[in-house]
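Novice: Provided below are the primary sequence and the corresponding predicted coordinates.
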Amino acid sequence: MKPCYFLGRAVVWLGIVSLLAACGGKTLVESNLGLKGAPDWVNKGTQILKDDGGRLIHGVGMASPMGNISLQGTTADDRARAEVARVLSSMMDVVSSDYAASAGKGMSEEAVSRQIKNTTRVMLSGAKIIARWRDPKTGNLFSLAEMDMKQTKELVKNIDEINADLRAYFAKESDNVFDRIAAGGGRK
């Protein structure tokens, strides 16, 4: 075999390894969209907020121009609510795991999970659209959905289909779980 053949193959393998290494690096996510003239909530995106206003989940959804303004608005609103649902679902997964661990043999984790998923659907009725903004350059419409945890706890308190112990656990621990998630801590 010729030395150039081995050198050529080595260069090809080195290129492949370099590409794989580049793909395996940590992805940096820019949290500010940088849309000039946009409200802060558009540029910040979906987030969990704990401040003087309470414990809030903000979901931001966007819809491109569709030729039908009403459909575009409904689509942006639905996507904003879906973002709230995504955050709420993550939070409820933590509540479910924490409750199953503390409840011992009282309820299976599967039963708890099923009740939590049903509860999440009901709680989403509390998410309301509080703002909209249309980008004058692109025509993209942004919607902001908000869910207040105080209201969420009231909703859960009135759901008959949920186990009474789980309902009590949610009332007692949901603020702690929310705070852990807001701080980036997740599970205990």
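Specialist: Looks like it came in fine. Numbering: from 1, shown residues only.
Novice: Which residue ranges of the protein form helices?
Specialist: 3-23, 40-44, 69-103, 109-123, 149-157, 164-182 (DSSP state H).
Novice: Nearest to residue 137, out of those?
Specialist: Checking the helices of the chain against residue 137 by CB to CB gives helix 40-44 as the closest, at 12.9 Å. Where C-beta positions appear, they are placed from N, C-alpha and C, glycine not excepted.
Novice: residues of the closest one that come out buried?
Specialist: For helix 40-44, burial by neighbour count (16 or more other CB atoms under 10 Å) applies to 41, 42, 43.
Novice: ok, so of those, who is nearest residue 134?
Specialist: For the buried residues of helix 40-44, the minimum distance to residue 134 (CB to CB) is 10.3 Å, reached by residue 42.
Novice: I figured the closest one hits residue 134, correct?
Specialist: No: using CB atoms under 8 Å, residue 42 makes no contact with residue 134, being 10.3 Å away.
Novice: tell me, what's touching the two both at once?
Specialist: residue 142 (CB atoms under 8 Å, 6 or more residues apart in numbering).
Novice: Quick check, central residue of this protein?
Specialist: By CA atoms, centre = their mean, the chain has its centre lying nearest to residue 87, at 3.1 Å.
Novice: confidence score at that one?
Specialist: For residue 87, the pLDDT comes out at 87.
Novice: What sits closest to it if chain neighbours are left out?
Specialist: residue 57 (5.0 Å; CB to CB, 6 or more residues apart in numbering).
Novice: okay, the helices of the chain in a markdown table with distance to residue 61 next?
Specialist: Output for the helices of the chain, formatted as a markdown table (distance: least, CB to CB, whole Å):
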| stretch | distance to residue 61 |
| --- | --- |
| helix 3-23 | 30 |
| helix 40-44 | 11 |
| helix 69-103 | 3 |
| helix 109-123 | 18 |
| helix 149-157 | 19 |
| helix 164-182 | 20 |
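Novice: Which of these sits closest to residue 143?
Specialist: Going by CB to CB, the one of those nearest residue 143 is helix 69-103, 4.0 Å.
Novice: Enumerate the positions of that closest one that are buried.
Specialist: Quick answer for helix 69-103 (16+ other CB under 10 Å): 72-73, 75-77, 79-81, 83-85, 87-88, 91-100, 103.
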